[in-house]
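Asker: Turn this into a model:
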Amino acid sequence: MLNSNTNVIIGNSWIESISKKWTNAIVITPIAILLGCILLIISAKIKVPLYPVPMTLQPLAVLMISMLFGRNLASATVGLYIFQGLLGLPVFAYGGGFMYIFGPTGGFIIGFLLAAIFL
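Answerer: Numbers count the residues shown, from 1 in each chain. From the prediction side, this is the model:
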């Protein structure tokens, strides 16, 4: 005889547990990616102007995002950051645009994506 306090997943309980997981993935994941992008943009603007590559807080931010978010979310965050810069938004230390990747800091920016994937 089963009483009403047993933890049997039937009917609506199973559907509710699935819907909570999907809601979490649909709502929390884009918010985390956007907040990580904002953190990267802010860390790019805090710089010591050295020539030709400025010293910024981006490596610290990329490593922190990689450790907190995990491989998939971190690579999506850094990928979105690079995509925004390639579109011409001024998210990098000295601006943005497609040619920015071919400048002296382009290797660092590609390295951020590799660090997010492999860390």
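Asker: Does the spatially most central residue of the chain lie in a helix or a strand, and which?
Answerer: With distances taken as Cα atoms, centre = their mean, Thr77 lies nearest the centre of the chain, 2.2 Å away. Element membership for Thr77, per DSSP states H and E: helix 71-86.
Asker: Which strands and helices lie in contact with that helix?
Answerer: Helices and strands touching helix 71-86, by 3 or more Cβ pairs under 8 Å, 6 or more residues apart in numbering; DSSP states H and E, are helix 12-45, helix 58-69, helix 106-118. Bear in mind the C-beta positions are built from the backbone N, C-alpha and C, glycine included.
Asker: Buried ones in stretch 33-51, by neighbour count?
Answerer: Counting neighbours by 16 or more other Cβ atoms under 10 Å, one finds that the buried residues in stretch 33-51 are Ile33, Gly36, Cys37, Leu39, Leu40, Ile41, Ser43, Ala44.
Asker: Let me know whether the fourth one touches Ala61 as I believe.
Answerer: Yes. The pair Leu39 and Ala61 passes the contact test of Cβ atoms under 8 Å, sitting 5.3 Å apart.
Asker: and the lowest-mean-pLDDT helix or strand in the chain, what does it pack onto?
Answerer: Sorting the helices and strands of the chain by mean pLDDT, DSSP states H and E puts helix 12-45 at the bottom, at a mean of 80. Packing partners of helix 12-45 (3+ Cβ pairs under 8 Å, 6+ apart): strand 55-56, helix 58-69, helix 71-86.
Asker: in stretch 61-72, what's buried?
Answerer: For stretch 61-72, by 16+ other Cβ under 10 Å, it's Ala61, Val62, Ile65, Ser66, Phe69.
Asker: Can you tell me which one of these sits lowest on pLDDT?
Answerer: Least confident by pLDDT among those: that is Phe69, with 91.
Asker: and that one, how far is that from Gly88?
Answerer: 26 Å (Cβ to Cβ, to the nearest Å).
Asker: returning to that earlier point: and the next helix or strand past the least confident helix or strand of the chain?
Answerer: strand 47-48.
Asker: Quickly run through the sheet partners of that next one, with directions.
Answerer: strand 55-56 (antiparallel) (DSSP bridges).
Asker: Alright, that wraps it up for me.
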